[in-house]
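> Model the following, please.
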Amino acid sequence: MDKNNITIALLLGGISPEREVSKATGKSIYYALKSLNYNVIVIDPAYGLNQPDDISKFFESSDFSEINLRNYIEVINSKIFDDVKLAFIALHGKWGEDGTVQSLLEMRGIKYTGSKILASSLSMDKCMSKIMFQHYDVKTPKWFIVDRSEKNYNLINEKINKFFGYPCVVKPNDQGSTIGLTICRGDQELQSSIELAFQYSNKVLIEEYIAGREVTVGIIGQQALPVLEIKPKSGFYDYKSKYTAGMTEYIVPADIPANVVEHLQHQALLAFNSLGCDGYARVDFRLTNDYKTYCLEVNTLPGMTTTSLLPKMAAAAGIGFEELIQRIIQLALK
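Modelled structure (predicted):
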């Protein structure tokens with residue numbers, strides 16, 4: 001591969017609630033791409049044609065100019081992308097991880113990292129993911145969906161008590177990074193939990209709470225990486241615990257029996273393939289004290305920050321960060 005003939009457009013930022021995390025992911029990937037000697041142009045699609053000249057401005061918390069969704073179409077349809085061989089997508093959440101940007105890139109005939117349109121969309125929609133999991137025998141917690149038009153809290157409370165009881169998990173149907181998520185411990189918290197989730201989505205997923213450990217499995221191609229256990233010091237792996245250094249302990253390889261590791265890796269690949277995913281991903285699980293596994297979701301564009309999990313699992317498999325980035329590029333170009 002002649003890297004000098006490959007121009008990579010690194011897409012970061014965007015307008016989802018995960019904009020700041022995306023900037024951090026993009027910064028790590030940018031320096032890896034430069035170390036690998038690729039020609040790199042950085043694009044924040046939320047800025048449209050008004051992209052900053054100073055590379056550092058892409059990574060700052062303050063915005064360089066006004067951001068909006070329409071700008072995505074403007075910039076991807078512009079001459080900026082005329083010589084782009086590959087788009088490395090470092091976006092997270094809506095309009096970046098859900099098939100939207102992937103659709104625009106497909107229409108431009110530009111290859112991109114990660115999963116294709118349908119798999120990206122299915123993975124972002126937690127309800128649809130779980131339907132596919134059930135079909136392919138990937139065990140997942142019980143759940144039901146609440147639409148914005150059906151906020152009858154007495155009826156919702158009855159359904160919770162009928163299907164799985166409290167505590168339960170209340171979260172937006174199509175967000176990441178635990179944004180808008182609540183562990184609801186009783187009916188007195190139900191309305192506020194649902195209202196919070198509705199701030200981020202038109203549908204809310206109410207899910208059985210699985211007591212136990214939080215573990216995750218990274219995937220590159222069809223290789224399942226070592227299992228990683230997440231141990232937040234607060235007891236809850238929320239947004240702050242995810243993205244603040246020192247607030248969470250990560251154990252990789254996880255201290256669990258070999259047969260459970262094998263089962264988790266098999267379930268992770270099954271979940272990945274059931275959604276038709278490509279390239280790389282991270283599959284999240286709950287693991288009970290008697291080693292039953294429950295798949296929560298597939299993240300098709302997992303974080304690549306200094307505290308992110310996929311790079312930690314890759315390192316445990318002997319794959320450094322730059323090699324991880326190179327493998328992702330090769331999978332996208334093949």
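
> Going by C-alpha atoms from here, please, whenever you check contacts or count neighbours.
Will do.

> Tell me who's in contact with residue 22.
By C-alpha atoms under 8 Å, 6 or more residues apart in numbering, the contact list for residue 22 reads 12-14, 90-92, 303.

> And these, which of them are buried?
With neighbours counted using 16 or more other C-alpha atoms under 10 Å, these contain these buried positions: 12-14, 90-92, 303.

> List just the nearest of those to residue 205.
Checking the buried ones among the contacts of residue 22 against residue 205 by C-alpha to C-alpha gives residue 92 as the nearest, at 19.5 Å.

> that's a strand at that closest one, yeah?
No: counting by DSSP: H, G, I helix; E, B strand; the rest coil, residue 92 is located in no strand; its state is coil.

> how near is it to residue 213?
Summarising the geometry, the distance separating residue 92 from residue 213, computed by C-alpha to C-alpha, to the nearest Å, is 25 Å.

> and what of residue 99?
Here the distance between residue 99 and residue 213 works out to 31 Å (C-alpha to C-alpha).

> These two - which one has more neighbours?
Applying other C-alpha atoms under 10 Å to residue 99 and residue 213 shows that residue 99 carries more neighbours, namely 21 against 15.

> per-residue pLDDT, the more buried one?
On the pLDDT scale, residue 99 is placed at 96.

> I'd say it and residue 114 touch.
No: Residue 99 is beyond contact range of residue 114, at 10.4 Å (criterion: C-alpha atoms under 8 Å).

> After the helix-or-strand element of the chain with minimal mean pLDDT, which helix or strand is next?
Within the chain, no helix or strand scores below helix 239-243, which has a mean of 54 by mean pLDDT, DSSP states H and E. Read in the C-terminal direction, the helix or strand following helix 239-243 is strand 248-251, with elements assigned using DSSP states H and E.

> What pairs with that following strand, parallel or antiparallel?
For strand 248-251, the pairing partners within the sheet under DSSP bridges are strand 228-232 (antiparallel).

> which stretches of the chain form helices?
In the chain, helices defined by DSSP state H lie at 19-35, 70-76, 100-108, 117-124, 126-135, 153-163, 190-198, 239-243, 258-274, 309-316, 321-333, listed in chain order.

> count of residues packed around residue 222?
A count of nearby residues for residue 222, using other C-alpha under 10 Å, gives 12.

> Quickly list the domain ranges of this structure.
Domain ranges of the chain: 3-112, 142-208, 212-333, per automatic domain parsing.

> Out of those, which gets nearest to residue 125?
The closest approach between residue 125 and any of the domains of the chain, judged by C-alpha to C-alpha, belongs to domain 142-208 at 5.0 Å.

> quick one: terminal-to-terminal distance for that closest one?
End-to-end span of domain 142-208 (C-alpha to C-alpha): 5 Å.

> same question for it, mean pLDDT?
The pLDDT scores in domain 142-208 average 94.

> what's the residue found closest to residue 19 once you drop the neighbours it is linked to in the chain in contact with, if anything?
Using C-alpha to C-alpha, 6 or more residues apart in numbering and skipping the chain neighbours, the partner closest in space to residue 19 is residue 13 (4.8 Å). Residue 13 is in contact with 19-23, 26, 44-46, 58, 90-91, counting by C-alpha under 8 Å, 6+ apart.

> Wait, residue 77 touches residue 109, no?
No: with contact defined as C-alpha under 8 Å, residue 77 does not count as touching residue 109 (10.8 Å).
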